[in-house]
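# What follows is a predicted protein model with its sequence.
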Number of protein chains: 2
Amino acid sequence: MENIISNENVDILKVENAKKIIIDLQNELMSCLKDGCGPFLAAIYDSNNNLIAKCVNSVVKENCSNNHAEMNTIKLVQEKLKTYDLAPFNFKMYITAEPCMMCLGAIMWSGIKEIYYSVSSEDVEKITGFDEGFKPKWLEEFKKRGITVYGNIEADLGKNVLQEYVRLGNTIYKPSR
Amino acid sequence: MENIISNENVDILKVENAKKIIIDLQNELMSCLKDGCGPFLAAIYDSNNNLIAKCVNSVVKENCSNNHAEMNTIKLVQEKLKTYDLAPFNFKMYITAEPCMMCLGAIMWSGIKEIYYSVSSEDVEKITGFDEGFKPKWLEEFKKRGITVYGNIEADLGKNVLQEYVRLGNTIYKPSR
C-alpha cells in the first residue's frame, strides 16, 4: 500500500475506489499531453460513483490563469445544476495532483465534500517548476470545514505523467515577473 | 492617516492614489447593493492609472462559487489581452476587501504586480459571516513573489457597505455543508 495521507482514519474501500478512478484519469491525461493539454485533470463524481464532469487545465489554451482543472470542473457542474452550492449533492472530486492554493479555496467555497488527489504539490513543484502557493496545515483546515481529503493515490503514475509533460517541452505557464 | 498595512515601506503617493480609487469603488458598490450585486468589487488599472476592467462578485447571479470579483476581473482582462500572463503590463488591482484564499492564489498566478484593498478579512468575516479561508503571513508570501500589497485603505467606508449588504438581507452565499 502506498503512503496514503488523509484527514480521517483511512477507509480502504474509498482508497481502492479512488485508485481505479485516478489510474483512469492519469492515463487519459497522458494520452492528451502531445496535444499540449494538461498537465492536470479533475473529475467530479456523485456518491454512487457516476461521473458528473471532467475537465483538464486550460490556462494556455484559453489564455486565463484562473483555468485550472479544478476551477473548470466546478464551474461546469455548477452551471449545469444552476447552483453555487454543491453541498446537497454529496459530490467527490478526484484530481491528478494536489490542488494549488487557488483551487483549495475554490473547493472550499464549492460545497464539494470529499477530495482525492494523486501527486503532492512538493513533487509537482520539483518535477515541473510550477508554483503551488502556500497552504500550511490545509488538511486540518479542510477537516474543520467537513471536507474529507485523501492524497498520494497512485502518485508514481502521476509523477510519470508530469515528467512526460516536461519532456515534451510543453508550457510551464507562470507569470513572467 | 488610517492604519495602512503594506509589505513595503509605505509610499504616501500610492496610498493617496489608492484612496481615491477605492472611495469610488465603494460608492459604486454601495449604489448597486439594492440590485443584489456584490458585496465585493475589483478593478485593474495600468501604471498610468487608466482603468482596464472592473467586475463585481457574481456568485449568486451566475451560479458559480468561483466568480469572486477578483476572478472575474482577471478573466476579463486576460481574455481581452489574449494572455494568461499579465506581468509585462505592470497592472495594479484595487479591491473593496482583502482577497479570500482562492483569490490570493489567482492574483499570484495572474501576473498582477500590486494590490490595494480596503476592508480586512477579519472584518469581512465579522460583519457578513463569509469564510475567507486560511492564509497566514500572506503579505510576506506576496513579497517573496514580487507582489506589493497595501491594505486597510478607507476601511471604515468599506465596512459600511458590507453592513448595508447584510441589512438589506442579501445572500451570504456559502456551501450548506
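Arrived safely, thanks for sending.
# which SSE is the residue most central in space within chain A in?
The residue lying closest to the centre of chain A (C-alpha atoms, centre = their mean) is A:Ile95, at 2.6 Å. Element membership for A:Ile95, per DSSP states H and E: strand A:92-97.
# which residues make contact with stretch A:91-98 from outside it?
A:18, A:21-22, A:25-26, A:29, A:38-47, A:52, A:69-70, A:73, A:77, A:107, A:111-121, A:124, A:132, A:151, A:158, A:161-162 (C-beta atoms under 8 Å, 6 or more residues apart in numbering or on different chains). Every residue, glycine included, has its C-beta placed from N, CA and C.
# try 6 Å this time
A:21-22, A:25-26, A:29, A:40-46, A:112, A:114-121, A:124, A:158 (C-beta atoms under 6 Å, 6 or more residues apart in numbering or on different chains).
# Pull out the buried members of those residues.
Buried by 16 or more other C-beta atoms under 10 Å in any protein chain shown: A:21-22, A:25-26, A:29, A:40-45, A:112, A:114-121, A:124, A:158, out of the contacts of stretch A:91-98.
# Can you tell me which of those end up in strands?
A:Leu41, A:Ala42, A:Ala43, A:Ile44, A:Tyr45, A:Glu114, A:Ile115, A:Tyr116, A:Tyr117, A:Ser118, A:Val119 (DSSP state E).
# ok, the residue nearest to A:Gly133 when sequence neighbours are not counted - contacts?
Leaving out its chain neighbours, the residue that sits closest to A:Gly133 by C-beta to C-beta, 6 or more residues apart in numbering or on different chains is A:Met101, at 2.9 Å. Taking C-beta under 6 Å, 6+ apart, we find A:Met101 in contact with A:Gly133, A:Lys135, B:Gly105.
# Dump those residues into CSV; add pLDDT as well.
Shown next, in CSV, are the contacts of A:Met101 (pLDDT from 0 to 100):
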residue, pLDDT
A:Gly133, 96
A:Lys135, 95
B:Gly105, 98
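# Which of those ranks first by neighbour count?
When these are compared by neighbour count (other C-beta atoms under 10 Å in any protein chain shown), B:Gly105 ends up highest, at 31 neighbours.
# Ramachandran coordinates for it?
phi -60, psi -50 (degrees, to the nearest 10).
# any idea how far B:Arg145 is from the residue nearest to A:Gly133?
Applying C-beta to C-beta, to the nearest Å, the value for A:Met101 to B:Arg145 is 12 Å.
# ok, now A:Phe89?
36 Å.
# neighbour-wise, which of those two wins?
Each of A:Phe89 and B:Arg145 has its neighbours counted (other C-beta under 10 Å); A:Phe89 has more, 17 against 14.
# list the contacts for that one?
Contacts of A:Phe89 (C-beta under 6 Å, 6+ apart): none.
# Thanks a lot, see you next time.
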